[in-house]
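# Let me see the structure of the following:
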Amino acid sequence: MPFKWKTIRYDCLQIPSVWGLALQLGELQKDLMGLGFRLESVTDRRNSGNSSTGSDEAEIYYTDSLRALHTLSRSNPITIAGLNLLKSKSFILVQPNSLIDSLSNLKGAVIGISYDSENRADLRRIEAVQRFNAIIEQAGLQPSNVHWVHLPLGTTTPTQRETLALLQGEVDAIIAFGSDAYDVERITGARVLEGEQQIVDSVSVAVQHTDRGMNIGRNTDTAWDSASDSDLAQSGLFAFALSTAWLQAYPEAAERILAHLQLAAAWAQKHQEDAFRYAAKAAGIPESRMETVYGLSFLNHLSLSLDQEHLDLLVKYKSNYLEQELLVSDFKLDDFVDRKLLASAQVLIAEGHVQVPLSNRVSSFTLEDVPVRYFEERTEARLIGSDEEALRIAHEFADEIRAGASDRDRYRRLPFDEIRKLAESGLLGIVVPKEYGGPGVSTATLAEVFKIISAADGAIGQIPQNHHFFVKVLELNGTVAQKRYFFAEVLKGAQFGNGLAERGSRNGKLMSTRVTRSGEGTWKVNGRKYYCTGSLFSPWIPVFADDDDGKRVAVFIPRQTEGLTLIDDWSGIGQRTTASGSVILGDIEVPDAYVVPHWKTFEAPQYFGAFAQIMHAAVDVGIAVAAMADASWFVREKSRPSIQSGVARASEEPYLIKRFGELGVRLQAAEALLEKAAAAIDTARHDLNEETVGQSSLLVASAKAVATDVVIEVTNALFEVAGTSSMDEKYNLDRHWRNGRIHTLHDPVRWKLHHVGNWYLNGVLPPNQAGL
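Residues are numbered from 1 along each chain as shown. Sure, this is the predicted structure:
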């Protein structure tokens, strides 16, 4: 079935809210994209001119209680899934040159207040007028002493309408709310009106307009800050609601959304400084103004609830709105409140089905693709001419990236610059056969290149594995025309990503991604791929798919193809910067020239599986080399000798020397077996038969098994020999263990040992398959 994105449209107020916070954290969008949903703001859509319909087109609402209840009173079916209270503040603003400097001088003034004129009253306006009248009475005035002007919004925002009213002299003062008040002050230079002690504290403050906003006199508290405790502060009840029809169609997605909102609210309690920053961005005001405009307590009220207190308040609001004829008709509130959704969301959280948000965890490339200029603005790759040159260039590249490896891992700083340099170095072209202009290096050289680079940075070392994998796919089964075209691209520096792995299948041999005939000379590709290492950095995304006959083919897809979506949702504990995220293939059309019959590889004896696996073994050995080097450095330079050793330096301790000898022997064995396995692949390449292919597979399986044991032992022993101080976060030495542990799980060794044992015990060669 063709993959189609499903759009979830949301219509949410631009105020600090749990919805806005969840959007800033990004786990919500990442999770929904993995389920095939994309979020779209109704407001953004209207502003871009792509929609002429009203807000009722949305599936998600975060809005004030009046709007939610008014929608229900018009028989528009929405379901209220949660409520929360948010304290907002109101401010009285006057023109910068106004003679009005206190509440008592408002007599005869014209005061404006904006309101939403969308076929309904605005309760906020009514309540603000009532509070204002009570306040000016305390200042010795009567409500009749001021003249109200109601400023309908129409198609403008409150900020725009209030700004125009002040600048055009339509009013002497305005009442503005929250971030709107800040924006009006910023644009017009308006002053916050100071009043009596009921509104401001006893400290008089000079407020002047500058090009940087408020210029505070001798105290950091201004009339803005004083208003935080005034009668102009109010608590509003807000509702998170869902289109009932959408909820019935996608209840699981709704539960996951609510789970993300509750997790975001809990996150805010533990990360208040970051939460203030995110909330300020969502509200469109500087972080320094958040406390002034909304107060500190708003973080305590972000979580959604449907407890009796909130429901009773909603019932009270509904009664008041009906009395004031603000609702079209009466209705039974219980019919439109779903208490089960929040409970189901809590179950998802408790069972760990939803990712807990962390600061700076979600990559910006989760929601948007890499800029096209990253692929276009490049120097053409150098052409490497020999195995010796390839090794020399690999050492030079490794020396260049080594110093930044720890920080890239620590901060998950994706290696865009480093991968560009890798492409420009010519190392991506070393497997291209000589008859197509490449050096056609030996497998032994290729494995050594992987080991060298992985010893400098294990994540960068892994990234080109799939690239060379697909170069080999082309070499073995591409047409002459395909080889000429794609090999020329590779030699210029083009990189292949990958779309190989899938989830949800009990049998790893089955593939849900399909490529089907769509016309003469064209195909359509649909599916989802995971663990797509390196794809984020690549202008080509080759994927495996099954054709109409169930045969496996490789489809080479240009990066900018319509329907291709990459999601940087890799969150493994190790190899953190491989960008091993997801690829979604939505009805992508490709020509015959981009489809290669990979299934033909296995119609005869083949060394392809061994070739693919040895690069992984080389990555593991490289990580072990790096851990051994760091262990040696730390013991020599940082560790203290045992008090029982009687030596001056830890590096002179006999037991430590012995342990390094054990580790060194194991590491040399892994390196030697890697070389022997690579040589066996080269033998099979030049003399292809069941025996040479079988032996190459057995030796690569052996090399991978030994490399797995060695990398885990060495990266763990690093701390054993270096001591407690080596575990200090500043050294980040645990990255070697994390990298080695997660990469060795790429293809577990248990079946490799089975096939090796079956050969030594029973003389049975392994099956002719992609990998053991």
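
# measure stretch 315-334 end to end?
10 Å (CA to CA, to the nearest Å).

# same question, stretch 537-554
Rule used - CA to CA; the end-to-end distance of stretch 537-554 is 19 Å.

# can you check stretch 680-698 too?
Note: stretch 680-698 ends 9 Å apart using CA to CA.

# With stretch 262-280 instead?
Start-to-end, stretch 262-280 (CA to CA) is 19 Å.

# before we move on, what about stretch 569-584?
End to end - CA to CA - stretch 569-584 spans 12 Å.

# quick check: mean pLDDT across it?
The average pLDDT for stretch 569-584 rounds to 94.

# Could you do stretch 169-178 as well?
88.

# got it, and stretch 75-95?
87.

# before we move on, what about stretch 463-472?
Throughout stretch 463-472, pLDDT has a mean value of 98.

# again, but for stretch 304-322
Stretch 304-322 comes out at a mean pLDDT of 92.

# ok, residues contacting it?
18, 65-66, 69-70, 80-85, 123, 237, 239-240, 258, 261-262, 265, 327, 330, 333, 337, 339, 342 (CB atoms under 8 Å, 6 or more residues apart in numbering). Every C-beta, even on glycine, is put in place using the N, C-alpha and C of the backbone.

# which residue packs closest to the residue nearest the centre of the chain, ignoring adjacent ones?
Centroid-nearest residue in the chain, with CA atoms, centre = their mean: Val362, separated by 2.9 Å. Nearest residue to Val362 in three dimensions, chain neighbours excluded: Gly26, at 3.2 Å (CB to CB, 6 or more residues apart in numbering).

# and that neighbour, what does it touch?
357, 361-362, 366-367.

# pLDDT check: weakest of the residues you listed?
Within the contacts of Gly26, lowest confidence goes to Arg361 (64).

# ranges for the strands of the stretch 451-600 of the chain?
514-519, 522-529, 540-546, 552-558, 564-567, 582-591, 595-596 (DSSP state E, counting those that start in this stretch).

# Outline the domain layout of this protein.
Structural domains annotated on the chain: 6-83+236-350, 85-234, 373-602, 604-762, as defined by automatic domain parsing.

# Confidence-wise, which of those domains is weakest overall?
Among the domains of the chain, domain 85-234 scores lowest, with a mean of 68.

# picking that back up, now tabulate the domains of the chain in CSV and tack on distance to Ala770.
Converted to CSV, the domains of the chain look like this (distance: least, CB to CB, whole Å):
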stretch, distance to Ala770
domain 6-83+236-350, 26
domain 85-234, 56
domain 373-602, 7
domain 604-762, 5
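
# out of those domains, nearest to Leu772?
Shortest distance between Leu772 and the domains of the chain, using CB to CB, is found for domain 604-762: 4.6 Å.

# What separation is there between the residue nearest to Val362 and Leu32?
Relative to Leu32, Gly26 is positioned 11 Å away (criterion: CB to CB, to the nearest Å).

# Then Thr71?
24 Å.

# Can you pick out the residue with more neighbours from the two?
Neighbours were counted for Thr71 and for Leu32 using other CB atoms under 10 Å; Thr71 has more, 22 against 18.

# I'd assumed Leu151 was in contact with Arg161.
Yes - between Arg161 and Leu151 there is a contact under CB atoms under 8 Å: 5.0 Å.

# residues in contact with Leu106?
100, 136, 139, 141, 145-146, 172-173 are the contacts of Leu106 under CB under 8 Å, 6+ apart.

# Just give me the closest of these to Gln14.
Ala173 (24.0 Å).

# Confirm for me that the closest one is in contact with Val94.
Yes - Ala173 is in contact with Val94 according to CB under 8 Å; the separation is 4.6 Å.

# Show me whatever sits in contact with both of the two.
The contact lists of Ala173 and Val94 share 100, 193, where a contact means CB under 8 Å, 6+ apart.

# hang on, the earlier thing: can you say which of the contacts of Gly26 are buried?
Among the contacts of Gly26, those classed as buried by 16 or more other CB atoms under 10 Å are 357, 362, 366-367.

# Got a quick ChimeraX command for the buried subset of the contacts of Leu106?
ChimeraX command restricting those to the buried ones, with burial defined by 16+ other CB under 10 Å:
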select :100,136,139,141,146,172,173
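
# Tell me the one among the contacts of Leu106 nearest to Ile712.
When these are compared against Ile712 (criterion: CB to CB), the nearest one is Ala173, at 71.5 Å.

# Can you give me every residue that contacts the closest one?
92-94, 98, 100, 106, 109-112, 193.

# would you say Thr7 is within a helix?
No - under DSSP: H, G, I helix; E, B strand; the rest coil, Thr7 falls outside any helix and is assigned strand.

# ok, how many other residues are close to it?
Neighbours of Thr7 using other CB under 10 Å come to 11.

# and it, what are its bridge partners?
Here Thr7 sits in beta bridges with Arg38, as judged by DSSP bridges.

# Tell me how many other residues crowd Leu753.
15.

# One more: the one 5 residues further on?
When neighbours are counted by other CB under 10 Å, Asn758 registers 14.

# now the residue nearest to Val362: how far from Trp759?
49 Å.

# same thing with Ile588?
Ile588 is 42 Å from Trp759, by CB to CB.

# Counting neighbours around each, name which of these two comes out higher.
Counting neighbours by other CB under 10 Å for Ile588 and for Trp759 shows that Ile588 has the greater number, 26 against 18.

# Specify the beta-bridge partners of that one.
Beta-bridge pairing for Ile588 (DSSP bridges): Val525.

# Spit out the contact partners of it.
524-526, 557, 561-564.

# now those: which count as buried?
Buried among the contacts of Ile588 (16+ other CB under 10 Å): 524-526, 557, 561, 563-564.

# No more questions from me, cheers.
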